[in-house]
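J.: just coords:
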Ligand code: DAH
């Protein structure tokens with residue numbers, strides 16, 4: 001190859017290259033052109049590689065032309081690159097425009113479950129009466145769930161509550177057996193052991209029993225425990241407190257009645273019924289007799305006060321425990337408490 005043909009080649013390559021750059025219709029094609037002419041095995045590069053075969057003067061001249069060709073193509077490619085990039089951005093902006101006049105999609109709002117609403121409502125009533133909220137573990141020791149509540153190992157009341165055991169050491173109950181608490185009453189013990197009187201607490205939470213689900217039972221349910229311990233607390237204080245609660249919760253139309261009952265941890269004890277909202281006391285599938293049992297209550301048994309280190313000569317107290325599901329059924333006339341846990345949105349959304 002000689003000097004002249006090399007330079008002619010270069011001019012031809014330049015022409016072809018310029019046309020190719022001009023014709024590239026996107027960035028990919030443009031890059032292919034760059035590789036074809038300026039890449040390691042490109043056409044201009046190929047000419048540059050032959051320079052070694054030329055004499056000094058020729059090499060200088062041809063080298064100069066080759067460099068000019070390379071620079072020309074490089075700058076052509078650079079400006080074409082800019083042009084194509086601008087065009088691509090413009091096209092994207094045109095096709096991806098957001099129509100800001102479209103109405104937005106309404107987000108789906110959740111809300112508190114009916115049971116949670118009721119727990120808050122009940123708790124708030126007692127907060128209004130000066131009570132503090134307390135909590136305890138759902139997985140509880142036998143000691144707090146039974147024994148400290150005056151329910152010793154051989155006590156017949158234990159058989160009334162079918163207990164879920166997490167850990168049971170033997171057939172005989174032991175203090176450190178681990179249970180799912182069968183009621184919220186163990187919170188009473190935990191609170192009294194951690195502070196001196198006066199105590200005014202309200203303790204909402206879950207409780208568990210091995211009950212077969214039916215319109216008025218589910219193996220997991222909610223209770224709200226109340227406890228007041230102070231100087232000179234009487235049964236009259238208990239009754240007045242429950243009447244005030246009933247007024248605020250159910251309204252003035254509903255009646256309550258206290259029936260003598262037995263609980264190991266209270267003496268005397270009572271069950272408290274509220275007149276049924278569905279049948280107004282006539283008797284129906286939900287209530288049976290016209291009355292719904294919503295509360296267990298009584299005066300804290302002196303044995304319990306002694307167990308937590310209080311002096312029953314100095315202080316006395318009352319306690320109560322209520323079933324949240326039952327109370328909510330009463331308020332809304334819900335005939336089957338299993339509905340609370342079926343997650344049927346047609347039900348859930350009504351409240
Ligand atoms: N713990 C009892 C139950 O689950 C309810 C109860 C009764 C709680 C009397 C009390 C109480 O605090 O004084 O059936």
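T.: Sure thing, it's come through. Small disclaimer: the values here were computed from a predicted structure and weren't measured. Numbering: from 1, shown residues only.
J.: Show me where the stretch 201-350 of the chain has its strands.
T.: Using DSSP state E, counting those that start in this stretch, the strands of the stretch 201-350 of the chain run over 220-230, 256-263, 266-275, 291-300, 316-323.
J.: Test my guess that residue 136 contacts residue 204.
T.: No - using C-beta atoms under 8 Å, residue 136 makes no contact with residue 204, being 10.6 Å away. Bear in mind the C-beta positions are built from the backbone N, C-alpha and C, glycine included.
J.: Common neighbours of those two, please.
T.: residue 184 (C-beta atoms under 8 Å, 6 or more residues apart in numbering).
J.: give me every residue that touches residue 198.
T.: 228-231, 315.
J.: again, 10 Å this time
T.: 130, 228-231, 233, 315, 317 (C-beta atoms under 10 Å, 6 or more residues apart in numbering).
J.: Pick out the most distant pair among those residues.
T.: 130 and 315 (16.7 Å; C-beta to C-beta).
J.: So if I had to pick from those two, which one is more boxed in?
T.: More crowded of residue 130 and residue 315, by other C-beta atoms under 10 Å: residue 315, with 18 against 9.
J.: hmm, back to that, as CSV, the strands of the stretch 201-350 of the chain with distance to residue 184 would be great.
T.: Converted to CSV, the strands of the stretch 201-350 of the chain look like this (distance: least, C-beta to C-beta, whole Å):
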stretch, distance to residue 184
strand 220-230, 4
strand 256-263, 13
strand 266-275, 14
strand 291-300, 11
strand 316-323, 6
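J.: tell me which element residue 16 is part of?
T.: Element membership of residue 16, judged by DSSP states H and E, is helix 3-23.
J.: next SSE after that helix?
T.: helix 27-38.
J.: can you list the residues that contact that following helix?
T.: 13-14, 16-24, 26, 39, 41-46, 69-70, 73-74, 76-78, 80-81, 83-85, 87-88.
J.: Enumerate the residues of the stretch 251-351 of the chain near the ligand.
T.: Selection of the stretch 251-351 of the chain residues close to the ligand by C-beta under 6 Å from any ligand atom yields 263, 266, 296-298, 319-321.
J.: which of the residues you listed lies closest to residue 180?
T.: Of those, the one sitting nearest to residue 180 (C-beta to C-beta) turns out to be residue 321, at 16.1 Å.
J.: so residue 51 sits in a helix?
T.: Yes - counting by DSSP: H, G, I helix; E, B strand; the rest coil, residue 51 falls inside a helix.
J.: That one touches residue 44, doesn't it?
T.: No - between residue 51 and residue 44 there is no contact under C-beta atoms under 10 Å: 11.6 Å.
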